[in-house]
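> Return atomic coordinates for the entry below.
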Amino acid sequence: MSGVRVSSAPFFGPTNTRTDASGPHPERWTALADDRGSIGAVGTHAAGTPHTGGLLAFVTIVLTLLSWASVPLFLRSFRGDIDPFTANGWRYALSALIWLPVIVVAWRKGTLGRTIWKDALVPTAFNVVAQVFFGIAPYLIDPGLMTFGLRLQIVFAVAGAAVLIPAERELLRTPKMIAAIACVFVGTMGTILLGEKSLDVSSGRHVAGVVMSIAAGGLYAAYSLGVRRRLSHYHSLLAFSVVSQYTAVAMIATLLVAMGVGAAGVIPQGVAAGLLPRDPIGSVLAMPTREFILLIISAVVGIGVGHSLYYYSIKRIGVAVSAGVIQLQPILVSIASMRLFGESFTLLQWIFGGFAVVSAIVMLVIQSRFSKRRHVVVPVSPGALAPVVPEVEDEEPVSR
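Residues are numbered from 1 along each chain as shown. Okay, the predicted model is just below:
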């Protein structure tokens, strides 16, 4: 098997199914609707080299990195103007409008179907909770530390795949992969624990921010596995669009719930300061013009443009290169956050953080070589992580 195999399925609707001695297998395409660096799409591509490369593909993957790196910075800049639930509600409502035409076109062509709405429910549930944690975290800690915390997503993803998919267990048992996972864990925890504020457990908001960052990574890993199990037989753009609609509705629902919690005074004001909404419309309209424009840009760039650029890049320069570049996100975010918001890192944090990033890239290389040797398909997750786990071509298809 050579080259990145691009699905021959219709742009809108389920993918075609091929049949061989081991049974029917869909040409795989999956999607992840998030913007963690978020967040993005998942295309499932055969291991190997890409069809084409070139300067344009390199530019698009760099733009993808910049798009997803900007999201934690945008969220941090909204602190003081709007709360995280209001930010999530507005951003995902705008994103849903951006992706709604994809669903409309599929519906008019008669290729939308009804099952996709049911299949998207479980992955969306994980995504929604992850997005809530992801949105709150930069209100509690600075963006650089937050994105380093998300590195643990790759550990959760590989472990989850090993539990759910027997074919993945061989990869997890290899000494090189075990060592790489351990290095990611050690590097990430070192970055979290060796900062100036890290050992001050009396700072409840700081601890909560770190916990939410790690939890968001775990939930994104669960989301990616859910997408793989439930939505892999749909084209990525259509699946992405459907999950975006669900996520937007859920973000608005969580906004209303948070308003009710705030009005009831369930959480002490000191604990919930700046986190609960009071006037989600008035507070946004009262934002300075610059911040209001940034709010719109964060929805378009982080959720829409980043997904499209990454999707293009992996078709042109392949999984390994695209995913490797995206692993630089926490370093880029940290440097920008230091300049924009005065975030600081100790020398030890930089050492351990760099170690975690390099170890994550090593994991991608190990996965790529395993995929080529075993002739498997590698699903690519966006932003904070990629790829999640390889998918064996002759795996028994999930009954639906």
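> surely Y220 meets Q153?
Yes: contact criterion C-beta atoms under 8 Å: Y220 and Q153 qualify, at 5.3 Å. Every C-beta, even on glycine, is put in place using the N, C-alpha and C of the backbone.
> in this structure, which spans are strands?
Assigned by DSSP state E, the strands in the chain fall at 17-20, 23-26, 44-46, 376-379, 391-392.
> pLDDT wise, what is A248 at?
In the predicted model, A248 carries a pLDDT score of 95.
> what about it, how many neighbours?
25 (other C-beta atoms under 10 Å).
> got the contact list for the closest residue to it other than its chain neighbours?
Counting by C-beta to C-beta, 6 or more residues apart in numbering, A248 lies nearest to A96, which is 3.5 Å off, once chain neighbours are set aside. Neighbouring residues of A96 by C-beta atoms under 8 Å, 6 or more residues apart in numbering: 244-245, 247-249.
> Filter those residues down to the buried ones, ChimeraX style.
To isolate the buried ones among the contacts of A96 in ChimeraX, judged by 16 or more other C-beta atoms under 10 Å, type:
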select :244,245,247,248
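> residues near R79, how many?
Counted with other C-beta under 10 Å, residues neighbouring R79 total 16.
> no, scratch that, I was asking about G204
By other C-beta under 10 Å, neighbour count at G204 equals 12.
> again with S344
15.
> wait, what's in contact with it?
195-196, 338.
> again with P84
With C-beta under 8 Å, 6+ apart, P84 has these contacts: 75, 78, 132, 135-136, 138-139, 275.
> any chance of these in CSV, plus distance to A253, pLDDT and neighbour count?
Output for the contacts of P84, formatted as CSV (distance: C-beta to C-beta, whole Å; pLDDT from 0 to 100; neighbours: other C-beta atoms under 10 Å):
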residue, distance to A253, pLDDT, neighbour count
L75, 20, 93, 26
F78, 20, 92, 23
V132, 11, 95, 21
G135, 14, 94, 26
I136, 16, 95, 21
P138, 22, 94, 30
Y139, 20, 93, 22
L275, 17, 89, 19
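> do you know how far L194 is from I361?
Between L194 and I361 the computed distance is 21 Å (C-beta to C-beta, to the nearest Å).
> one step back: what is the nearest of the contacts of A96 to D119?
Checking these against D119 by C-beta to C-beta gives Q245 as the nearest, at 13.6 Å.
> Chain neighbours aside, what residue packs nearest to the closest one?
Nearest-residue entry for Q245: A96, 5.2 Å, with adjacent residues in sequence omitted and distances by C-beta to C-beta, 6+ apart.
> pLDDT score for that neighbour?
The per-residue pLDDT of A96 was computed as 92.
> where does D142 fall, phi/psi-wise?
phi -80, psi 160 (degrees, to the nearest 10).
> ok, now which ones touch it?
Counted by C-beta under 8 Å, 6+ apart, D142 has contacts 76, 337, 341, 343.
> In TSV, list these along with distance to M259 and neighbour count.
Conversion of the contacts of D142 to TSV gives the following (distance: C-beta to C-beta, whole Å; neighbours: other C-beta atoms under 10 Å):
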residue	distance to M259	neighbour count
R76	23	23
S337	29	25
F341	27	16
E343	30	20
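> Now, the residues you listed that are in helices?
Counting by DSSP state H, the contacts of D142 place 76, 337, 341 in helices.
> quick one on the thing from earlier: filter the contacts of A96 down to the ones in helices?
Reading helices off the contacts of A96 with DSSP H, I get 244-245, 247-249.
> for the residues you listed, which one is nearest G353?
Looking across those and measuring by C-beta to C-beta, the closest to G353 is T247, at 29.4 Å.
> Quick one: the ones in helices among the contacts of A96 as TSV, columns for distance to S213 too.
As requested, the ones in helices among the contacts of A96 are arranged in TSV below (distance: C-beta to C-beta, whole Å):
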residue	distance to S213
S244	23
Q245	26
T247	19
A248	23
V249	25
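> quick one: which two of those are the most distant?
Top of the distance list for the ones in helices among the contacts of A96 (C-beta to C-beta): S244 and V249, 9.9 Å.
> one step back: do you know how far the residue nearest to Q245 is from Y220?
A96 sits 19 Å away from Y220, going by C-beta to C-beta.
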